[in-house]
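1. Structural data only, the sequence is not supplied:
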């Protein structure tokens, strides 16, 4: 009996981070089929009392999904990968064109406006949260 109680507590602890994150307007920019990358955007709202840290993103629709940040240096716009993304307690982080965004590589199927792609966010505490992103023009 104690084993099942402990197991239940462990399982429920893995969903604490994911349950506190509200995801709004998750979308992927539509591009012609021959282009090997897509950009993904969304709003991440942390309703918990602690920071949430996304450390990885997976998808069966794309061979790889990375977090990137657009920045300006010496008048030139550039991008750099982010190893993690922290959403502080009680704050919202917007992934948007010209800022933080997802780089989604090698779609495994043709995507067109209205299609959906599932992704899974992985947090530093081993919890996960899955969501559907819609392809938009």
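-> Looks like it arrived, so ask away. Nothing here was measured: the structure is a model prediction, and the numbers come from that model.

2. going forward, measure contacts between C-alpha atoms and count neighbours the same way
-> Will do.

3. Tell me where the chain has strands.
-> With DSSP state E, the ranges of strands along the chain come out as 21-29, 37-46, 52-58, 62-73, 76-82, 85-87, 92-95, 100-107, 116-123, 128-136.

4. Mind giving me the packing neighbours of the first one?
-> Meaning strand 21-29. The contact analysis (3 or more CA pairs under 8 Å, 6 or more residues apart in numbering; DSSP states H and E) places strand 21-29 against strand 37-46, strand 128-136.

5. Average pLDDT for the first one, rounded please.
-> Pointing back at strand 37-46 there. The average pLDDT for strand 37-46 rounds to 97.

6. Can you give the distance of it from its chain's centre?
-> Its chain's C-alpha centre and that of strand 37-46 lie 6 Å apart, by CA atoms, centre = their mean, to the nearest Å.

7. What lies in contact with that strand?
-> Here strand 37-46 makes contact (CA atoms under 8 Å, 6 or more residues apart in numbering) with 20-31, 52, 87-97, 101-107.

8. Equivalent analysis for the last one, please.
-> Strand 128-136 is contacted by residues 14-15, 17-19, 26-30, 111-122 when judged by CA under 8 Å, 6+ apart.
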